Every structure is written in C-alpha cells, then in structure tokens.
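> dropping the sequence and predicted coords here.
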Amino acid sequence: MAPVIETARLRLRAHRLADFPDSAAMWADPNVTRYIGGKPLTNEEAWSKFLRYTGHWEMLGFGFWVVEERQTSAWVGEVGLADFRREMEPPLGDFP
C-alpha cells in the first residue's frame, strides 16, 4: 500500500472509501478539469478514477495519495504518479 508521507503541514496517505465524496466533488469541478481532460467527470467516471488509485499501488508499487492537513485532517486534494498507458509523443516508456 501507499506509504504515508508527512511534512510540517501536510500528510500524504492512501485513499479510503470515505474519501470518494471529496474526490468526486473535485473531479466534477470545471475549474479543476479545465486543463485535465477538458470536462468535469460524472460520478461514474470519478469512481473509475478513484479505483485506479488503489490499483496503481497494488500492481505497480506507486500511485496517488490523498493530501490532507495534518492539524485538522481536512481533505486538500490528490497528488501522485501514474502509468495510464497513454499513446503520446514522445512516449514516456516505463516512467510514471
């Protein structure tokens, strides 16, 4: 599973099922998706993305974290590395 990383203000940790409402709300926001795919995600699309987070850690040993404030445990966002097998030029090869 995802390692926990802490800074003075933030904690990066694995996603939990309880994080889905915050994640779905973020991905439904046009300001967030404007430059990431160009359109807000439906709840179903957000759910598929959410499930990929666990799959990356399980299958590849890297992935995404939830970012939360250490002091309040408030959900801040998501950050991480992925291998989406995108066809792009130049190709990324085996790099996340």
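On my side now, so go ahead. Residues are numbered from 1 along each chain as shown.
> check which residues of the one helix or strand in the chain whose mean pLDDT sits lowest are buried.
Between all helices and strands in the chain, the lowest mean by mean pLDDT, DSSP states H and E belongs to helix 43-60, at a mean of 94. Within helix 43-60, the residues that count as buried by 16 or more other Cβ atoms under 10 Å are A46, K49, F50, Y53, T54, H56, W57. All C-beta atoms are positioned from the backbone trio N, CA, C, and that covers glycine.
> just stretch 72-88 next, same as before
Residues of stretch 72-88 classed as buried: W75, V76, E78, G80 (neighbour count, 16+ other Cβ under 10 Å).
> that stretch - what's its average pLDDT?
Averaged across stretch 72-88, the pLDDT comes to 88.
> now what about it, what contacts it?
10-12, 15, 19, 22-23, 26, 52-53, 56, 60, 62-69, 92, 96 (Cβ atoms under 8 Å, 6 or more residues apart in numbering).
> can you measure across it, start residue to end residue?
Counting by Cα to Cα, to the nearest Å, you get 40 Å between the two ends of stretch 72-88.
> where along this protein do the helices fall?
20-27, 30-33, 43-60 (DSSP state H).
> tabulate the ones you listed (CSV), appending distance to I5.
Converted to CSV, those look like this (distance: least, Cβ to Cβ, whole Å):
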stretch, distance to I5
helix 20-27, 18
helix 30-33, 22
helix 43-60, 13
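> coming back round to it: ok, so of the buried residues of helix 43-60, who is nearest Y35?
Among the buried residues of helix 43-60, K49 lies closest to Y35 (Cβ to Cβ), at 16.0 Å.
> touching, the closest one and V32? I think so.
No: when contacts are counted by Cβ atoms under 8 Å, K49 is not listed as touching V32 (12.0 Å).
> for D22, give its distance to E45.
16 Å (Cβ to Cβ, to the nearest Å).
> what's the burial count for L92?
11 (other Cβ atoms under 10 Å).
> and it, how far is that from R85?
L92 is 9 Å from R85, by Cβ to Cβ.
> so what sits against both of the two?
Common neighbours of L92 and R85 (Cβ under 8 Å, 6+ apart) do not exist.
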